[in-house]
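**Q** sequence and predicted model, in that order:
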Amino acid sequence: MSLDAQYFAELYAASDDPWAFRTRWYERRKRDLVMACLPRQCYARIFEPACANGELSVLLAERCASLLCQDIDSTAVSLARHRLTGAPHALVEQGHLPGDWPGGTFDLVVLSEIGYYLDPTDWLQVIEQSVASLANEGGLLACHWRHPIAGCPQDGREVHALLARHLPLYPLVRHEEADFLLEYWSCQPSVVDLQERCQ
C-alpha cells in the first residue's frame, strides 16, 4: 500500500523542511548533481511531482520555459509556491500520484525521492504514465536514497530496478553512490543540446 496524505501532513506539522532540503550539505550537493546530469540546457516543459518545499524546483525553473510542480501535501504546495514566487512560468498544484497525473506532454519528468512512498503497483503506473507523457525527445530523471526507509513499501534499489525493467528508454546517465542513485533515460539514444538559452 502506498503512503497516504496523513503521513506527509504529520511530517509538515513538525517542520516546514522535514528532510532538511534547505540546510543539509548532502541535499545541496545532490541537487547540484541532479542539475549537472541534465543533458539539455533548456527544456520546454518539465513535470516535477513530489516537489516538497520547492528547493529543487527553483533550479529546474531556471532550465525550462514551463514548470509544473505537484505535491500531495497542502503545506508543501504553499511552501513551493512561495519559493517559486520569482518564476511566473512555474505552477504548483496539489495532487496525488498515480491518480492525479497531469495532461499534456513533457520534455522532462523528474522523479526525485518519490518512488519508495508508492507500492510497486502504483510505481509501475507512474512509470507508464511518465513514458506516455514524454515528448519525442523527452527524458526522465530519477534520484532516490538507496537505504530502506521505515514504513515505506519500497527502497531506492527496488524503485530503480523497476525503472530499469520497465522503461522502454535509452539510459544516458547513471551516477551511483553509497547513499543514493541518480539515473537519466531518454527517448533518443543521444542528446546534443545546441540551444543556448530558454526561449
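**A** Cool, got the structure. Numbers count the residues shown, from 1 in each chain.
**Q** which residue ranges form the helices in this structure?
**A** For the chain, the helices defined by DSSP state H occupy 5-14, 25-37, 55-61, 74-83, 120-133, 156-166.
**Q** so which of those helices gets nearest Leu141?
**A** Smallest distance to Leu141 across these (CB to CB): 6.7 Å, for helix 25-37. Backbone N, C-alpha and C define where each C-beta goes, glycine included.
**Q** buried sites along that closest one?
**A** Buried residues in helix 25-37, counted by 16 or more other CB atoms under 10 Å: 27, 30-31, 34, 37.
**Q** I'd like the average pLDDT over that helix.
**A** Averaging the model's pLDDT scores along helix 25-37 yields 96.
**Q** who are the packing partners of that helix?
**A** helix 55-61, strand 134-145, strand 170-176, strand 180-186 (3 or more CB pairs under 8 Å, 6 or more residues apart in numbering; DSSP states H and E).
**Q** redo those as a markdown table? Include distance to Ala14 and mean pLDDT.
**A** Supplementary listing: those in a markdown table, determined by distance: least, CB to CB, whole Å; pLDDT from 0 to 100:
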| stretch | distance to Ala14 | mean pLDDT |
| --- | --- | --- |
| helix 55-61 | 18 | 98 |
| strand 134-145 | 19 | 96 |
| strand 170-176 | 31 | 96 |
| strand 180-186 | 23 | 98 |
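**Q** the ones you listed: which one's closest to Val92?
**A** Going by CB to CB, the one of the helices and strands packed on helix 25-37 nearest Val92 is helix 55-61, 7.6 Å.
**Q** just the CA trace of that closest one, in CSV.
**A** Coordinates of each C-alpha in helix 55-61 appear next as CSV, following Å, rounded to 0.1, in the frame of the first residue of the first chain:
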residue,chain,number,x,y,z
GLU,A,55,14.2,23.6,-3.3
LEU,A,56,14.9,21.6,-6.5
SER,A,57,12.0,23.3,-8.2
VAL,A,58,13.8,26.6,-8.2
LEU,A,59,16.8,25.2,-10.0
LEU,A,60,14.5,23.4,-12.5
ALA,A,61,12.7,26.6,-13.2
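**Q** can you tell me what sits against that helix?
**A** Identification of contacts with helix 55-61 by CB atoms under 8 Å, 6 or more residues apart in numbering yields 21-22, 27, 31, 34-35, 46, 48, 51, 67, 69, 80, 83-84, 87, 89-90, 92, 110, 112.
**Q** go on, stretch 70-83?
**A** 5, 8-9, 11-13, 16, 47-55, 57-58, 69, 92-97, 100, 102.
**Q** if we can go back for a sec, could the helices and strands packed on helix 25-37 go into CSV alongside distance to Asp73?
**A** Shown next, in CSV, are the helices and strands packed on helix 25-37 (distance: least, CB to CB, whole Å):
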stretch, distance to Asp73
helix 55-61, 14
strand 134-145, 19
strand 170-176, 28
strand 180-186, 22
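**Q** lovely, talk soon.
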